[in-house]
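Participant: Build me a structure from this.
(one chain, ligands or ions: 1)
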Amino acid sequence: MTLSIRCSAFNLVRFSEKRLKNRTASFIRSIMFNPTLKIIEIAESTQDEARKLALSGSPAGTSIMAVVQTGGRGRGGSKWFSPPGKNLAMSVILRPNVGPREAPILGMLSSIAVADTVDTLCDPHRASVKWPNDVLVQEKKIAGILSEGQISSGRLDFIVLGLGLNLNSFEEDFPSNLTNSLTSCSILTGLTFDIKQVGISLLTRLGELSERLEIEGPGFVPGMWQMRWPHKDHRICREGVEGTAIEIDDDGALLVQSQNGRTIKITSGEVLLRRPCPGITGVN
Ligand code: BTN
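Facilitator: Model (predicted):
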């Protein structure tokens, strides 16, 4: 089954492939967010499906959701496991007017959209964020974001944002070694959620934030993200560096003050919040 819908606020109308083909090339290249959600029964990874659509010229806002994902990918080459039919697995195409250096800002923008959506679904719980763009509730991960892009002539041609949000899964659905570090909207509320409706709400919020990005530029994102960031001034470690998280800079990098007072800029990878830092022998 393949279902395609255009999302205009919360109204759904059938989407015609012919209408898309008839659009002018300039419209298709537009950076404007044009929310369209395609739902497929099964995919290895929605990232690959969305990338194909991006390469064939689909506009920003084109999104693809899979009921079952057989080879979901996480950040840093990890696997993303999601029990069939229970959680949101969706990839969204963005064509932002920003350079590759600013690409991390887009992951942050989408974690804000996911956190806002989680707040609405899981009220009164409040979502927080963990650098670079995990979404947590009660310090447990509820959503992860993978951003994969293509650069040509020094510009970001497109970016595919992969959003994995734990909706209707319970502890028994998680890998046993992760039970204590994951949560879901059902665990938090006892409710069952309509995955398609959540996808549409999330896309709508992402559209609002993308429009703001196009109008104002990326400057507002780090400040907005940090309002949900509880780890400022916390001890963190990453690949042999231990220090204090100070702030997020304009490019979305994490600034860490090491024990000798040097400021280190971390632009990618995972950071650990637990102590002691594994593998740390001296002062950095
Ligand atoms: C992370 O490691 O935290 C990022 C996880 C991203 C998972 C989503 S699910 C939809 C999309 N398709 C994938 O294969 N991965 C992303």
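Participant: Can you pull the phi/psi pair for residue 171?
Facilitator: Dihedral angles of residue 171 (phi, psi; degrees, to the nearest 10) stand at phi -50, psi -40.
Participant: Same question for the one 3 residues further on.
Facilitator: Dihedral angles of residue 174 (phi, psi; degrees, to the nearest 10) stand at phi -90, psi 150.
Participant: swap in residue 130?
Facilitator: Dihedral angles for residue 130 - degrees, to the nearest 10 - are phi -130, psi 130.
Participant: ok, longest helix in the protein?
Facilitator: Using DSSP state H to define each element, the chain has its longest helix at helix 195-216.
Participant: what's that helix packed up against?
Facilitator: Secondary-structure packing of helix 195-216 (3 or more Cβ pairs under 8 Å, 6 or more residues apart in numbering; DSSP states H and E): strand 2-8, strand 36-43, strand 62-69, strand 88-94, helix 103-122, strand 155-165. For glycine as for every other residue, the C-beta is placed from the backbone atoms N, C-alpha and C.
Participant: rerun that using 6 Å as the cut-off
Facilitator: strand 88-94, helix 103-122 (3 or more Cβ pairs under 6 Å, 6 or more residues apart in numbering; DSSP states H and E).
Participant: Might you report the residue contacts of residue 179?
Facilitator: Contacts here follow Cβ atoms under 6 Å, 6 or more residues apart in numbering; on that basis residue 179 touches residue 171.
Participant: Specify the local secondary structure of the residue in the stretch 101-250 of the chain that the ligand sits nearest to.
Facilitator: Using Cβ to the nearest ligand atom, residue 144 is the residue of the stretch 101-250 of the chain that sits closest to the ligand, at 2.1 Å. Assigned by DSSP: H, G, I helix; E, B strand; the rest coil, the conformation of residue 144 is strand.
Participant: and what of the one 4 residues further on?
Facilitator: In terms of secondary structure, residue 148 is strand; the call rests on three-state DSSP.
Participant: wait, the residue of the stretch 101-250 of the chain closest to the ligand sits on residue 164?
Facilitator: Yes: between residue 144 and residue 164 there is a contact at 5.0 Å, judged by Cβ atoms under 6 Å.
Participant: Looking at the two, which is more packed in?
Facilitator: Taking neighbours as other Cβ atoms under 10 Å, residue 144 and residue 164 compare with residue 164 leading, 25 against 22.
Participant: so how many other residues sit close to residue 65?
Facilitator: Residue 65, neighbours per other Cβ under 10 Å, totals 27.
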